[in-house]
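**Student:** sequence and predicted structure are below.
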Amino acid sequence: MQSSETYIIWLGVLFIIGLSVAILYCKRVSKKINRLANEKILIAEEQAMKKIAEELHDNLAPSILLARMQLEHFVKENKESTLQKSIDQIDTVLEQTRQIAILLHPSSLSELGLQEAIKNLLHQLRQYRNIKTNLSMDNALLAIEKDKVIPLFRIIQESIQNLLKHARATEISICFRSSEQFVCVDILDNGIGFDVNKVRTGAGLQNMQQRTRSLQGQFRLLSKPGHGTHIHLKIPK
């Protein structure tokens, strides 16, 4: 009698262990499926943005440039100020087209790498918005896997877009640090800040969080009214 009870107890224990293992396995599989789905979405998004950038660069910009050249020739012959204003407007559209193409798919990212792409981004802040910038890097970039470069750049790009829209900042600092297992990125500004508990999560913040999850990393947002904003990323190597 005692041996049969012991047998039943052991069966129960084994059943609980087996069930626990099955649940844990299902959770891991579910996380992996979600991560792969996010990665596919982000890859498709990057391909679409690259295609749009190529269209802007290869088709729209040359057409506008041709129109500008024709108007310029007309101005030289007729000296009409109205046409000169048209040329100035076309120059503005050309510059805007170039900026959109850079935002969608920065050529410096694929040609020169992450560091130069970030430098170009910060250069635009200094040139067009008169914002002071600081970029600090150790050997962290050497540790970043190639397939993580674009999502990481997009997070930094999105954070800068949010800064321009909301922060009213005059300074921004980006710092890369490398540890044994992680690459850490800190993005700080001296803007007006906000209460993270009261502000509704917008699409920009959601995009940054989603991209961080696709990298299996950690995303942390710190801010207080009047004390700027601090974004901390922790990406596994």
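**Tutor:** That came in fine, so what should we check first?
**Student:** C-alpha from now on. contacts and neighbour counts both.
**Tutor:** OK.
**Student:** so in the chain, where's the weakest helix or strand by average pLDDT?
**Tutor:** Taking mean pLDDT, DSSP states H and E as the measure, the helix or strand of the chain with the lowest value is helix 2-55, at a mean of 56.
**Student:** the helices in the chain, which residues?
**Tutor:** For the chain, applying DSSP state H gives helices covering 2-55, 61-78, 81-104, 107-111, 114-129, 149-162, 203-214.
**Student:** avg pLDDT for the second one?
**Tutor:** Put plainly, it is helix 61-78. For helix 61-78, mean pLDDT rounds to 68.
**Student:** what of the shortest one?
**Tutor:** Per-region confidence: helix 107-111 scores 68 on mean pLDDT.
**Student:** please parse this protein into its domains.
**Tutor:** The chain resolves into domains spanning 1-105, 132-237 when parsed by automatic domain parsing.
**Student:** just the terminal-to-terminal distance for the longest one.
**Tutor:** Translated: domain 132-237. Taking CA to CA, to the nearest Å, domain 132-237 runs 30 Å from one end to the other.
**Student:** what pLDDT, on average, does that domain get?
**Tutor:** Mean predicted confidence for domain 132-237 is 88.
**Student:** could I get stretch 219-231 in CSV with only the CA atoms?
**Tutor:** Only the C-alpha atoms of stretch 219-231 are listed here, as CSV (Å, rounded to 0.1, in the frame of the first residue of the first chain):
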residue,chain,number,x,y,z
PHE,A,219,15.2,50.4,-23.2
ARG,A,220,15.0,53.0,-20.4
LEU,A,221,13.6,56.5,-20.5
LEU,A,222,14.4,59.0,-17.7
SER,A,223,13.0,62.6,-17.7
LYS,A,224,11.8,65.3,-15.3
PRO,A,225,10.2,68.7,-16.1
GLY,A,226,13.0,71.2,-16.5
HIS,A,227,15.8,68.6,-16.3
GLY,A,228,16.1,67.2,-19.9
THR,A,229,15.7,63.7,-21.1
HIS,A,230,17.9,60.6,-20.9
ILE,A,231,17.5,57.5,-23.0
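**Student:** which residues touch that stretch?
**Tutor:** Residues external to stretch 219-231 that are found in contact with it (CA atoms under 8 Å, 6 or more residues apart in numbering): 167, 169, 186-196, 209, 212, 232-234.
**Student:** contact partners for Ile118?
**Tutor:** Contact partners of Ile118, counting by CA under 8 Å, 6+ apart, are Phe153.
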